[in-house]
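**Student:** Give me a model of this one.
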Amino acid sequence: MSELFPGFTTHRIATAGAQIHCEVAGSGPPLLLLHGYPQTHAMWHRIAPRLAARYTVVCSDLRGYGDSSKPESDASHAGYSKRAMAQDQVEVMQALGFARFKLVGHDRGGRVAHRLCLDHPQAVECVAVLDISPTRLMYAGTDMAFATAYYHWFFLIQPFDLPERLIGADPVYYLRRKLGGLSSGLDLFDAGALAEYERCFADPATIHATCEDYRAAAPIDLEHDPADAHLRVECPLLALWGEKGVVHRYFDPIPDWKSVARDVRGKALPSGHYLAE
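**Tutor:** Reported below is the predicted structural model:
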């Protein structure tokens, strides 16, 4: 990983519910970067070293992903709720000495970031969410076009062990189809980063844990979100999304985020889903 993150140091931090792998560099204000599915912290390799010139950058693997642990789950999938995943990341930053930090989340990491802002508002100075609208609004707006484009939302929530067996039959094929299908193909991915995604995703424990992440989004996250509908993200929120992507075609991120946050700005960028790469 040193080739992708020159000058970064590797940490493995115990939280109340998991062991979290992260890469850290820099000496400025703390900045936490959270990746999406089906990737790892390696997705930040092109910008993290540049950000480390101004910030103390923490690139973390979410629980269930990359080299972080894959905790056992149960019928409620609470262990992979965005609440549990956000708690991990707050504890990681506290262990590194940061009670308050800037936050960026892409894809699933953006959903964790949204929950982190609601559950730990004192911890977040400002947040950027990349290529998502709020989960509850995206489910509520589901139609045939969105369900076709984001079929994995509905495939991965199927009961154990249907998606695990089907993905596990050829995980590299599935990973490459998923990465290539939400962008302009695989050419935009660095070979070293792609190899990291393949290494991690080939682990059956990762396949299962990432399915649990999506299973949690359907029942328990959708219980937490309406229960907290009276809350707003209080810190400044920046929404960025790709003008070639699904979110741009089917959603309206600025008003979507204004419905759940007080201070929202942002715009589309000339990219697909994988903005950082």
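**Student:** now the helices: where do they sit in the protein?
**Tutor:** 48-51, 82-95, 108-119, 135-140, 144-149, 151-155, 162-168, 171-181, 191-201, 204-217, 220-227, 246-250, 253-258 (DSSP state H).
**Student:** show me the contacts for the nearest residue to residue 103 once chain neighbours are set aside.
**Tutor:** Nearest-residue entry for residue 103: residue 127, 4.5 Å, with adjacent residues in sequence omitted and distances by C-beta to C-beta, 6 or more residues apart in numbering. (C-beta placed from N, C-alpha, C; glycine too.) The contact partners of residue 127, by C-beta atoms under 8 Å, 6 or more residues apart in numbering, come to 102-105, 113-114, 117, 233, 235-238.
**Student:** In PyMOL, how would I select just the buried ones from those?
**Tutor:** Per 16 or more other C-beta atoms under 10 Å, the buried members of the contacts of residue 127 correspond to this PyMOL selection:
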select buried, resi 102+103+104+105+113+114+117+233+235+236+237+238
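**Student:** can you put the contacts of residue 127 in TSV and add distance to residue 141?
**Tutor:** Shown next, in TSV, are the contacts of residue 127 (distance: C-beta to C-beta, whole Å):
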residue	distance to residue 141
102	29
103	25
104	24
105	20
113	21
114	16
117	22
233	20
235	25
236	25
237	20
238	22
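**Student:** List just the nearest of the contacts of residue 127 to residue 33.
**Tutor:** Nearest to residue 33 among those: residue 104, at 5.1 Å, using C-beta to C-beta.
**Student:** contacting residues around the nearest residue to the closest one once chain neighbours are set aside?
**Tutor:** In space, and not counting its chain neighbours, residue 104 is closest to residue 128: 4.5 Å by C-beta to C-beta, 6+ apart. The contact partners of residue 128, by C-beta under 8 Å, 6+ apart, come to 103-105, 237-240.
**Student:** So what pairs up with residue 128 in the strands?
**Tutor:** When bridges are called by DSSP bridges, residue 128 pairs up with residue 104, residue 238.
**Student:** Would you quantify the distance from it to residue 275?
**Tutor:** According to C-beta to C-beta, to the nearest Å, residue 128 and residue 275 sit 10 Å apart.
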